[in-house]
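In: Sequence plus the predicted model coming up.
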Amino acid sequence: MADQTSVRAGARRPQHYLPLQILLGFLVIYFLVPFWWVIVNSSKDAPGLFGGGNTLWFTDRIDYLGNLRQLFTYDGGIYLRWILNSTLYAIAGGIGATVLAVMAGYGFAKYRFAARRFSFAVVLGALMVPATALVIPTFIMFSRLGLTNTVWAVILPSLLNPFGVYLMHVYARDAVPDELLDAARVDGAGEVRTFLQIALPLMRPAVVTVLLLSAVASWNNYFLPLAMLSDNRLFPVTVGLGLWQGIASANNSGGTSLWSLIILGSLVSVIPLVIAFFSLQRHWRGGLSVGGLR
Amino acid sequence: MTLLTEKRARRRQHETPKIRGKVHLREHLMGWLFVGPFAVVFLAFLIAPLAYALYLSLFQKKLIGGTSFVLFDNYVKAFTDPSFLSGAWFVLRFSLVSIPLQIGIALVLALILDAVTTLFARFSRLMIFLPYAIPTVIGAVMWGFLYSKGFGPLTDIFGLFGATAPDFLGSDLIFYGLLNVVTWQWAGYYMIILYAALQGVDPTLYEAARMDGAGRWQIATRIKIPLIAPALILILVFSLIGTLQFFNEPQILRYLAAGTIGTDFTPNMYAYQQAFSLANFNYGSAISFALGGIVFICVYAFLFFTRKRRSFL
């Protein structure tokens, strides 16, 4: 991102517009308030939370370590399991969906095969199918196969990413010249080698974008695992925290210790994705701007 | 380089119609080889479940007499069921308010960030985008805390002015409570997409417009917005599809907003309840299918309305 901006800043003089920056400042505060609240309140113990002090500032006792220990040991360390499950679902679903989408997008863009136009139209139509409308029948199909309440019930349906195919198709069409592929073929490279060594490096920004979007979709998924899983040791962190929230709300008096776990649990669960987004942003932003939106 | 062109020219010369037929067969095979794995997943996890849901929705399970074929009875039941209708009405109303709000904010932010090129602007862009990295469930949990009377700051803040805090989890304000959560969650994502589209516009166009005497406001409304119209329509369609399927946020806030959000608050929640709490898969499938129909109609009506179908489909 930085290099792109500096090139543009060089082309156009830097602009300041002070009133607009002040407006931006207020909006940034709005977007950060929930994070601030969670950061502050995950430092508190139960009396600090319910003591009626300032909810947007720290109490005298700042006890992140104690709360973290509690979070990771509660119920036999179930929270760590949830985080690991989420990681597994995000990586398996993300990589699987990306491999399929990259191959299919390239195939649609570069080969004139039978029923190509019709198939691509069907894929585009599928963008409009509500994903959640598929969960009920998939659940019944999986329960017949004995797959519900296994990791496969969450991973297999996440392999489907029609938007990824659409994005890869647009990107491959524009960023991979036919002449280059022809040249590689004439030089004796097979189709698979042409794809892996010529086309794939050219499609890298879009590949990273699709990978990140699919992994995020799997990490954030709630409806599918909620429906498919009943063993809480298989839950991803979203369903797990939802479960805790339900328990804590149901017995307001007895569940006080759980509230501080939910607050810290929310904070800890967002850290991996925030890091992934910020460290990869140079790669995925390029894919969004060039591929997605022509 | 010259060698390559020579080779290609030689190949062209040798290419006779007979050989081209062979090449075509190979191209069919290779094309399907690349698309095949996705096609398998597509058939297994999209076409098959859809067909199965349609099949299920045409049956009814009765205590006496078992399962019987009832054709469209479930759909007639859905479209006369006050639970489904009120849920559908809610998501339609919610879409009409939340989508223009989110995308309006995203558009204004993208235009500002495209014009202001300071370090602070770059920092703001990241911070405004941050909520997208948060699972919707966690976002709803966080806002649930901020709204709650027990831990939220609202009581304190309004207390300073001697006023009672608004209850965003109560039945009067839940619409706005959810509106705020959704805007917070998605505006940054849409902003990034629009910003990326704006960055793709050739800056010499702005120079030319400035030479013709256009001001900043005119450049924004007459040049920038029309040029990113395809991106705008794309995100409008996706937000419409997403909002009509509203599930995660109300499902999570349901625990905190006891009595305000029922199990039939949105059509998706109602379908979930029918299928997974009451094991009524036939009616649950019919509700999802009816919702899918509503989504389809809304998206096509929207695309027809904007007459930009070609830009993305």
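Out: Nice, thanks for sending it over.
In: dump the residue contacts of B:Asn180.
Out: Residues in contact with B:Asn180 (C-beta atoms under 8 Å, 6 or more residues apart in numbering or on different chains) are B:Trp143, B:Phe168. Every C-beta, even on glycine, is put in place using the N, C-alpha and C of the backbone.
In: Next: A:Thr138.
Out: Residues near A:Thr138 by C-beta under 8 Å, 6+ apart: A:Pro157, B:Phe45, B:Pro49.
In: Run a quick neighbour tally on the first one.
Out: Using other C-beta atoms under 10 Å in any protein chain shown, the number of residues around A:Pro157 comes to 24.
In: What does the closest residue to it other than its chain neighbours show for phi and psi?
Out: The spatial neighbour of A:Pro157 that comes closest, neighbours along the chain excluded (C-beta to C-beta, 6 or more residues apart in numbering or on different chains), is B:Phe45 at 5.0 Å. Dihedral pair for B:Phe45: phi -110, psi 0, per degrees, to the nearest 10.
In: Does the closest residue to B:Gly177 other than its chain neighbours belong to a helix, a strand or coil?
Out: Spatial nearest neighbour of B:Gly177, chain neighbours left out: B:Phe168 (3.3 Å); criterion: C-beta to C-beta, 6+ apart. Per DSSP: H, G, I helix; E, B strand; the rest coil, the secondary structure class of B:Phe168 is coil.
In: where's B:Tyr75, which helix or strand?
Out: Using DSSP states H and E, B:Tyr75 sits within helix B:73-78.
In: Please save the CA atoms from that helix in CSV.
Out: What follows is helix B:73-78, C-alpha atoms only, in CSV (Å, rounded to 0.1, in the frame of the first residue of the first chain):
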residue,chain,number,x,y,z
ASP,B,73,-48.9,-26.1,0.9
ASN,B,74,-45.8,-25.2,2.9
TYR,B,75,-45.3,-22.1,0.8
VAL,B,76,-49.0,-21.1,1.2
LYS,B,77,-48.5,-21.6,4.9
ALA,B,78,-45.3,-19.5,4.9
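In: which residues are contacting that helix?
Out: Here helix B:73-78 has contacts from B:Ser57, B:Leu58, B:Gln60, B:Phe84, B:Asn282, B:Tyr283, B:Ser285, B:Ala286, B:Ile287, B:Phe289, B:Ala290, using C-beta under 8 Å, 6+ apart.
In: what about the residue nearest to B:Gly177, how many neighbours?
Out: For B:Phe168, the count of nearby residues is 26 (other C-beta under 10 Å).
In: Provide a list of residues in contact with it.
Out: B:Phe168 touches B:Tyr147, B:Leu154, B:Ile174, B:Tyr176, B:Gly177, B:Asn180, counting by C-beta under 8 Å, 6+ apart.
In: Pick out the most distant pair among these.
Out: Farthest pair in those (C-beta to C-beta) is B:Leu154 and B:Ile174. Separation: 14.5 Å.
In: between those two, which one's more packed in?
Out: B:Ile174 (20 against 17).
In: For that one, which non-adjacent residue is closest in space?
Out: B:Ile174's closest residue in space is B:Thr260 (C-beta to C-beta, 6+ apart), at 5.1 Å.
In: Quick check: that neighbour is in a helix.
Out: No - under three-state DSSP, B:Thr260 falls outside any helix and is assigned coil.
In: Need the phi and psi values for it.
Out: B:Thr260 adopts backbone torsions of phi -90, psi -50, taken as degrees, to the nearest 10.
In: Tell me how far it lies from chain A.
Out: When distance is defined by C-beta to the nearest C-beta, to the nearest Å, B:Thr260 is 13 Å away from chain A.
In: Start from the N-terminal end of the stretch 51-200 of chain A and give the helices.
Out: Taking DSSP state H, counting those that start in this stretch as the test, the helices found in the stretch 51-200 of chain A are A:64-73, A:78-110, A:116-126, A:135-144, A:151-158, A:162-175, A:178-186, A:191-193, A:200-202.
In: gap between whatever helix or strand B:Gly31 lives in and the chain center?
Out: In the assignment (DSSP H and E), B:Gly31 maps to helix B:17-42. For helix B:17-42, the separation from the chain centroid amounts to 33 Å (computed by C-alpha atoms, centre = their mean, to the nearest Å).
In: following that helix, which helix or strand comes up?
Out: Using DSSP H and E, the next helix or strand after helix B:17-42 towards the C-terminus is helix B:48-56.
In: which parts of whatever helix or strand comes next after that next one are buried?
Out: Going down the chain from helix B:48-56, the next helix or strand is strand B:59-62, by DSSP H and E. Neighbour counts over strand B:59-62 (16 or more other C-beta atoms under 10 Å in any protein chain shown) mark B:Phe59, B:Gln60 as buried.
In: Name the next helix or strand following strand B:59-62 along the chain.
Out: strand B:66-69.
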